[in-house]
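>>> Structure for this input, please:
(one chain, ligands or ions: 3)
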Amino acid sequence: MDSLSKYYETVEQDKQHYIDRLSEIVAIPSVSCSADHRPDVVRMGHWLKDQWEALGAETKLVNPGTQELEGKTLDLPPVVLGKYGNDPAKKTLLVYGHYDVQPALKEDGWSTDPFKLVINDKEQMVGRGSTDDKGPVLGWLCSAEAYKKAGLEYPVNLKFCFEGMEESGSEGLEEVIRDEADKWFKGTDVVCISDNYWLGKEKPCLTYGLRGVSYFYITVQGPGADLHSGVFGGTVHEPMTDLVNLMSKLVDVKGKILIPGIYDGVAPVTDEEHQAYEGLEFKHSDMEDDLKHKVIVHDEEKKTLMHRWRMPSLSLHGIEGAFYNPGAKTVIPARVIGKFSIRTVPNMDRAEVARITCKYLNEEFAKLGSKNKMTAEMAHDGPWWYSSPKHPNFVAGAKAMERVFGVQPDLTREGGSIPITISFQEALNCNVLLLPMGSADDGAHSINEKLNIRNFIEGIKVFGAYVDELSKADL
Ligand SMILES: C[C@H](N)C(=O)N[C@@H](Cc1c[nH]cn1)C(=O)O
Ligand SMILES: [Zn+2]
Ligand SMILES: [Zn+2]
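Ligands and ions are numbered 1, 2, ... in the order given. Alright, predicted model coming up:
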């Protein structure tokens, strides 16, 4: 019998309580990229602090500085630091997560209010932040609480670091980590992050690589105000025309990036890496089912995974200032801002990516002969990360998953970015494990984001089994 059976029973018994709590925090619209929502982000940080304190943790809120947003100077949301247990005989685990979320509006196409957690007939909890990353962040709290309730001693010293700016480039966090490395984080043995997803829907995985992200703005300023296209169309250089022209020169329809030199830093594929793709449970047919349409570019699964995990990509995200509402408004927008990002991979250099991208945009704009003003800038960037899955931290994670799910997890890389991962690894000189809770079809950042009840509850059990395995590991 598993020594944690009492813990697992407690988690099962308290299932509804955990769901209610997730419902409570999904209702806090902690959207970090919006000035209007900044008080909500702060409220969410305080919620975590209060809940952990109620459980007996020591906490501290760190203000990471200020930010210019939408013409205002705003305090960045607090970084919530905590310590739960302080026994020199135990190992010390640091967990990181984020309590901010991506924006969401019902009119984006959500079936229900994005900030009201709804359980559908597939036992899925639908709501913004359910999987990214409120469910996993809450999971750590529920797990520690279940240990206590089951009358079991928490097997490690737990430290936590929860931020409210991950979806907006983790502004200010790197400095906090460096400052606290020898203070709050002192004694940390290993780090665990639960902020990504399984490769499929049935089998869990552990993740040892992430892409980086470099986010760009192209601003085209034309006339002093929006214009009537009947009166001025054909007589002025139109900002949208310039911008769309420029954006079309960044990437082709099959995803090939058109910026000269962008692929120069990409590491060659090794034999060991080729082998890592063998035996992974990943099928185009499953991905197409999730996507609802047959829109995959590549003809082989391995190529798709390589383009997700180990090749750079460039995505066009949107145009601020453009007319996008329903209806037929005949306007010439005066100032538009095009937004795109480049996912970077080993061994690309972030500064070089920014330099060649802005240089290329300036050269292409000059070719247009437009009298409008264009600026290209990198708004934020976060590095890629790549680690070894052979470390005892990963072994502990794998054993925990096997205890709960009865299968060995897949070892995967991830196409998304968690910019702060490498900072923990370097500043604390520790191994970092990515231990995902959510499933491949959760739809993070998309409409109808969800977390399966199964993933949430079994994920909480995995967190408990993982700390138990860590306490026995030879780190
Ligand atoms: C993988 C993680 N859950 C995530 O969604 N990260 C974001 C990070 C980011 C950086 N700039 C904006 N968001 C991502 O990969 O997009
Ligand atoms: Zn996330
Ligand atoms: Zn995210």
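>>> which parts of the chain sit against ligand 2?
Contacts of the chain with ligand 2, taken as C-beta under 5 Å from the ion, map to 132-133, 195. (Glycine included, C-beta is placed from N, CA and C.)
>>> please redo it, this time with the cut-off set to 6 Å
98, 132-133, 166, 195 (C-beta under 6 Å from the ion).
>>> Looking at those residues, which is nearest residue 305?
residue 195 (19.7 Å; C-beta to C-beta).
>>> What about that closest one, how many residues nearby?
Residues contacting residue 195 under the criterion other C-beta atoms under 10 Å number 26.
>>> from now on call the first residue 200
Yes, from this point I'll number from 200; that puts the last item at residue 394.
>>> tell me the domain boundaries of this structure?
Taking automatic domain parsing as the reference, the chain has its domains at 204-409+584-671, 411-466+509-581.
>>> OK, contacts around the nearest residue to residue 276 once chain neighbours are set aside?
Leaving out its chain neighbours, the residue that sits closest to residue 276 by C-beta to C-beta, 6 or more residues apart in numbering is residue 363, at 3.0 Å. For residue 363, the contact set (C-beta atoms under 8 Å, 6 or more residues apart in numbering) comprises 229, 231, 240-241, 243-244, 275-278, 297-299.
>>> 10 Å instead, please
229, 231, 237, 239-244, 247, 263, 275-279, 297-300, 369-372 (C-beta atoms under 10 Å, 6 or more residues apart in numbering).
>>> same question, residue 500
Contact analysis of residue 500 by C-beta under 10 Å, 6+ apart lists 476, 479, 481-486.
>>> How about the secondary structure of the closest residue to ligand 1 within the stretch 500-649 of the chain?
Closest contact between the stretch 500-649 of the chain and ligand 1, by C-beta to the nearest ligand atom, is at residue 615 (3.2 Å). Following DSSP: H, G, I helix; E, B strand; the rest coil, we place residue 615 in the coil state.
>>> same check, this time on residue 448
Of the three states, residue 448 takes coil under three-state DSSP.
>>> what residues does stretch 307-319 touch?
Stretch 307-319 has contacts (C-beta under 10 Å, 6+ apart) with 218-230, 239, 300-305, 323-329, 333-334, 645-650, 652.
>>> circling back to that earlier point, so of the domains of the chain, which one's packed in deepest?
Across the domains of the chain, averaging neighbours per residue (mean count of other C-beta atoms under 10 Å) puts domain 204-409+584-671 on top, at a mean of 20.
>>> centre of the chain versus it, how much separation?
Here domain 204-409+584-671 is found 10 Å from its chain centre; the criterion is C-alpha atoms, centre = their mean, to the nearest Å.
>>> end-to-end on that domain?
17 Å (C-alpha to C-alpha, to the nearest Å).
>>> one step back: and ligand 1, which of the residues of the chain next to ligand 2 contact it?
331-332, 365, 394 (C-beta under 6 Å from any ligand atom).
>>> So which of those residues belong to helices?
Residues of those located in helices (DSSP state H): none.
>>> can you list those in TSV and add pLDDT?
Output for those, formatted as TSV (pLDDT from 0 to 100):
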residue	pLDDT
331	98
332	98
365	95
394	97
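>>> Spell out which residues sit in contact with the closest residue to residue 272 other than its chain neighbours, please.
Distances taken as C-beta to C-beta, 6+ apart place residue 265 nearest to residue 272, at 5.4 Å, with adjacent residues excluded. By C-beta under 10 Å, 6+ apart, the contact set of residue 265 is 271-275, 370-371.
>>> Residue 229 too?
By C-beta under 10 Å, 6+ apart, the contact set of residue 229 is 236-244, 246, 276, 297-300, 314, 327-328, 333, 363, 366.
>>> any idea how far it lies from residue 521?
Noted for residue 229: a distance of 27 Å to residue 521, by C-beta to C-beta, to the nearest Å.
>>> The residue nearest to residue 278 when sequence neighbours are not counted and ligand 1, how far apart?
Spatially, and ignoring its direct neighbours in sequence, residue 278 is nearest to residue 261 (4.5 Å; C-beta to C-beta, 6+ apart). Computed as C-beta to the nearest ligand atom, to the nearest Å, the residue 261 to ligand 1 distance reads 20 Å.
>>> now swap in residue 386 and tell me
27 Å.
>>> Wait, that residue touches residue 291, no?
Yes: counting by C-beta atoms under 10 Å, residue 386 touches residue 291, with 4.9 Å between them.
>>> Now do the shared contacts for those two.
Joint contacts of residue 386 and residue 291 (C-beta under 10 Å, 6+ apart) are 282, 285, 356, 358.
>>> and the second one, which of the three is it?
Residue 285 falls in the coil class when you classify it by three-state DSSP.
>>> Tell me the one of the shared contacts of residue 386 and residue 291 nearest ligand 2?
Ligand 2 lies nearest to residue 358 out of the shared contacts of residue 386 and residue 291, by C-beta to the ion, at 19.5 Å.
>>> And the next helix or strand past the worst-scoring helix or strand of the chain on mean pLDDT?
One helix or strand of the chain scores below all others by mean pLDDT, DSSP states H and E: helix 470-475, with a mean of 92. Next along the chain after helix 470-475, taking DSSP states H and E as the criterion, comes helix 483-490.
>>> Export that next one to CSV, keeping only CA atoms.
Below are the C-alpha coordinates for helix 483-490, written out as CSV (Å, rounded to 0.1, in the frame of the first residue of the first chain):
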residue,chain,number,x,y,z
HIS,A,483,-1.4,14.5,-35.6
SER,A,484,-5.0,13.0,-35.6
ASP,A,485,-5.3,13.9,-31.8
MET,A,486,-3.9,17.4,-32.4
GLU,A,487,-6.3,17.9,-35.3
ASP,A,488,-9.2,16.8,-33.1
ASP,A,489,-8.2,19.4,-30.5
LEU,A,490,-7.8,22.1,-33.2
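>>> which residues touch the residue of the chain most remote from its centre?
The centre of the chain is farthest from one residue, residue 430, which by C-alpha atoms, centre = their mean lies 45.5 Å away. Taking C-beta under 10 Å, 6+ apart, we find residue 430 in contact with 529, 531.
>>> and it, what element?
Here residue 430 is assigned to helix 428-431, by DSSP H and E.
>>> Among the contacts of stretch 307-319, name the ones in helices.
Those of the contacts of stretch 307-319 lying in helices (DSSP H): 218-225, 239, 334, 652.
>>> Now distance to ligand 1 and pLDDT too, for those, in JSON lines please.
Listed next are the ones in helices among the contacts of stretch 307-319 as JSON lines, based on distance: C-beta to the nearest ligand atom, whole Å; pLDDT from 0 to 100:
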{"residue": "218", "distance to ligand 1": "21", "pLDDT": "98"}
{"residue": "219", "distance to ligand 1": "24", "pLDDT": "98"}
{"residue": "220", "distance to ligand 1": "20", "pLDDT": "98"}
{"residue": "221", "distance to ligand 1": "16", "pLDDT": "98"}
{"residue": "222", "distance to ligand 1": "21", "pLDDT": "98"}
{"residue": "223", "distance to ligand 1": "21", "pLDDT": "98"}
{"residue": "224", "distance to ligand 1": "16", "pLDDT": "98"}
{"residue": "225", "distance to ligand 1": "16", "pLDDT": "98"}
{"residue": "239", "distance to ligand 1": "18", "pLDDT": "98"}
{"residue": "334", "distance to ligand 1": "11", "pLDDT": "98"}
{"residue": "652", "distance to ligand 1": "20", "pLDDT": "98"}
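>>> Of those residues, which is the nearest to residue 501?
Distances from residue 501 to these, taken by C-beta to C-beta, are shortest for residue 334, at 30.3 Å.
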